[in-house]
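J.: Fold the following for me, if possible:
(one chain, ligands or ions: 2)
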Amino acid sequence: MKDLTIGFIGLGLIGGSIARGIKRSRRDVRIMAYMRSRDKLEQAKRDGVVDVILDGIGEEISWCDLVFLCTPVEYNASYLEQIRPLLKPGALVTDVGSTKTDIHETVKRLGMEEVFVGGHPMAGSEKTGYENSTDHLLENAYYMITPTEKSTPEQIGRIRRVALSIGAIPMVTDYRQHDFSVAAVSHLPHLVASSLVNLVRDNDNEEELMRTIAAGGFKDITRIASSSPVMWEQICMTNTENIKVLLRRYIQSLETIYEELDRRDGSSIHRLFEESGAYRNTFSSHSRGPVAPDYSFTVDIVDEPGSISTLAVLLASKGINIKNIGINHSREEGEGALRISFYNQDSETRAYELLKKYNYTLIK
Ligand SMILES: NC(=O)C1=CN([C@@H]2O[C@H](COP(=O)(O)OP(=O)(O)OC[C@H]3O[C@@H](n4cnc5c(N)ncnc54)[C@H](O)[C@@H]3O)[C@@H](O)[C@H]2O)C=CC1
Ligand SMILES: O=C(O)C(=O)Cc1ccc(O)cc1
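T.: Ligands and ions are numbered 1, 2, ... in the order given. The predicted structure is shown next:
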C-alpha cells in the first residue's frame, strides 16, 4: 500500500523534520497536520511542508493512509482513543515517542494492535518546535520500529520505507528491549546532565566563577540539560522502572569512585579512565547514536579581519556548503579557533583535503 496522505498530530522538532524529509523525497505525498499553534501551521503551509491544516481531530483523519503522533509521549497515547473511530480501513498509526511500553499498553487496551506500529528516531536536539525542524535532522540516525504482536510485515515495511525516505536507518526491535536500552543511553544521561548543572549552580560562589569558566568538557556533557522539561518529565514518568534500575547501578558506580578516592587508590581511578576511554573509542565518530552525526573539524586561523570570509569563499568556490561555523573562544582543542561543520561525510572530507592543500592547520 502506498501512503499518499499522511497526517501529523504535533508538528514540532520531530514531526516537522519528518514532514519536511518526506516532502523532500516524495512530492506526491499530501501532508495534513494539527498542532495547537495556528501560526506555526500557517508557516508550515507557506513553507510547502503542510498541504492541509487541521483545526482539530475531526473527520479529515479518515483521509489519512498513515497517521504520525508527534506530541510528548503521554499526549500521543491520549490521542489514540480520539483517532480510533476515524481511521479508514487499511490506515496505519505510528508515533515518534521516546518511550514505547506506555503507548503499546494503551494500544493493547484500546484493541488497536492491528493498526499500530511504534517508531522512535534516535536523533534530535535540545531545541524544540517546528521552527527548528529541518529536512535532514534524522539523516543517518537509527529509526527504531516497535511492532505490536499483530503488526504485519507489510505494515512494518511501510514504516521502514518512510524512515528510509528521510535518510534514516530503520531497526526493528521489541518495545520492552527498546525502553531498557534508551533508559541507559538517553534518559539516564539527561537526568545526570541536569543534576550536574544544578550541582554547579548550587555550589558556585557569588561571582559565579564556576559558571564563568565552565569549559568544553562540561558543556559537551550537559548540552542536553537545556531540553524541554514537558517532554522529559513525560519520558521519565513513562519509563520510570527502567530508569530506576539503571540509576541505582549508576549510584553504586559513583559510590565505588567515592571509595577509591577516599582510600587514594590511584590505580583504580586510572583503570576507570582507561576502560571508559577504550570503550568510548569504539563508538564511531560518525555513529548514528542519539546525537545526530557530526561532520566537523577545527581550523586554526589567524585572528585578523577577513580570515573567516577567505575560508568561506574558498569552500564555496568548490561548491562545499557549510552547515555551521563557530568561533572557539576558549581554544580548548589545540590552538584551533574555528569549528566548521558540514552536512555530510563527503563535504567534510573534501573540505579537509582542500584546506590542507592551502596549508591551514586542521584538527579533527
Ligand atoms: N526532541 C528530540 O530530540 C526527540 C523527541 N522525540 C519524541 O518526539 C515527540 C515530539 O518531540 P519534539 O518534536 O522534540 O517536541 P516539540 O516540542 O518540538 O513538538 C511537540 C509538538 O506537539 C505539539 N503539542 C504539544 N502538546 C500537544 C497537545 N496536547 N496536543 C496537540 N499538540 C501538542 C506542539 O505544539 C508541537 O507541535 C516526543 O514524543 C518525543 O519523545 C523523539 C526523538 C528525539
Ligand atoms: O542529542 C540530543 O540532544 C538528544 O539526546 C536527542 C534525542 C532526544 C530524545 C530522544 O528520544 C532521542 C534523541
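J.: C-alpha from now on. contacts and neighbour counts both.
T.: Noted.
J.: Show the contacting residues for G97.
T.: Neighbouring residues of G97 by C-alpha atoms under 8 Å, 6 or more residues apart in numbering: 69-73, 76, 119-120.
J.: which SSE is S194 in?
T.: Here S194 sits within helix 188-203, counting by DSSP states H and E.
J.: Not counting its neighbours along the chain, what's nearest T173?
T.: T146 (5.4 Å; C-alpha to C-alpha, 6 or more residues apart in numbering).
J.: quick revisit: the helix holding S194 - contacts with which helices or strands?
T.: Using 3 or more C-alpha pairs under 8 Å, 6 or more residues apart in numbering; DSSP states H and E, the elements in contact with helix 188-203 are helix 209-213, helix 216-222, helix 240-262.
J.: Save these as a markdown table, and put in mean neighbour count too.
T.: Compiled in a markdown table, the helices and strands packed on helix 188-203 are given as follows (neighbours: other C-alpha atoms under 10 Å):
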| stretch | mean neighbour count |
| --- | --- |
| helix 209-213 | 11 |
| helix 216-222 | 13 |
| helix 240-262 | 14 |
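J.: Now render those helices as a markdown table, adding distance to ligand 1 and mean pLDDT.
T.: Converted to a markdown table, those look like this (distance: least, C-alpha to the nearest ligand atom, whole Å; pLDDT from 0 to 100):
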| stretch | distance to ligand 1 | mean pLDDT |
| --- | --- | --- |
| helix 209-213 | 25 | 96 |
| helix 216-222 | 14 | 93 |
| helix 240-262 | 14 | 98 |
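J.: Could you give the residue of the stretch 101-250 of the chain that lies closest to ligand 2?
T.: S125 (3.4 Å; C-alpha to the nearest ligand atom).
J.: That residue looks like it's in a strand, true?
T.: No. Per DSSP: H, G, I helix; E, B strand; the rest coil, S125 lies outside any strand segment and is coil.
J.: Around ligand 1, pick out the residues from the protein.
T.: 10-15, 35-37, 70-73, 75, 96-98, 120-125, 128-129 (C-alpha under 6 Å from any ligand atom).
J.: Among the residues you listed, the buried ones, what's the PyMOL command?
T.: Here is the PyMOL command that selects the buried residues among the residues of the chain next to ligand 1 (16 or more other C-alpha atoms under 10 Å):
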select buried, resi 10+11+12+13+14+15+35+70+71+72+73+75+96+97+98+120+121+122+123+124+125
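J.: quick one: which of the residues of the chain next to ligand 1 sit in strands?
T.: The strands, defined by DSSP state E, take in 120-121 from those.
J.: Who are the contact partners of N344?
T.: Contacts of N344 by C-alpha under 8 Å, 6+ apart are Y295.
J.: any idea how far it lies from ligand 2?
T.: 17 Å (C-alpha to the nearest ligand atom, to the nearest Å).
J.: Show the pLDDT at that residue.
T.: With respect to pLDDT, N344 scores 76.
J.: Backbone torsions only: list them for it.
T.: Main-chain dihedrals, N344, degrees, to the nearest 10: phi -150, psi 170.
J.: Using PDB, write out every CA atom in stretch 45-53.
T.: Coordinates of the C-alpha atoms in stretch 45-53 are reproduced here as PDB (Å, rounded to 0.1, in the frame of the first residue of the first chain):
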ATOM      1  CA  LYS A  45       1.800  25.700   4.800                       C
ATOM      2  CA  ARG A  46       3.700  28.700   3.400                       C
ATOM      3  CA  ASP A  47       6.900  26.600   3.600                       C
ATOM      4  CA  GLY A  48       5.200  23.900   1.400                       C
ATOM      5  CA  VAL A  49       5.600  21.300   4.200                       C
ATOM      6  CA  VAL A  50       1.800  21.100   5.000                       C
ATOM      7  CA  ASP A  51      -0.900  20.900   2.400                       C
ATOM      8  CA  VAL A  52      -4.000  20.800   4.600                       C
ATOM      9  CA  ILE A  53      -4.200  22.500   8.100                       C
END
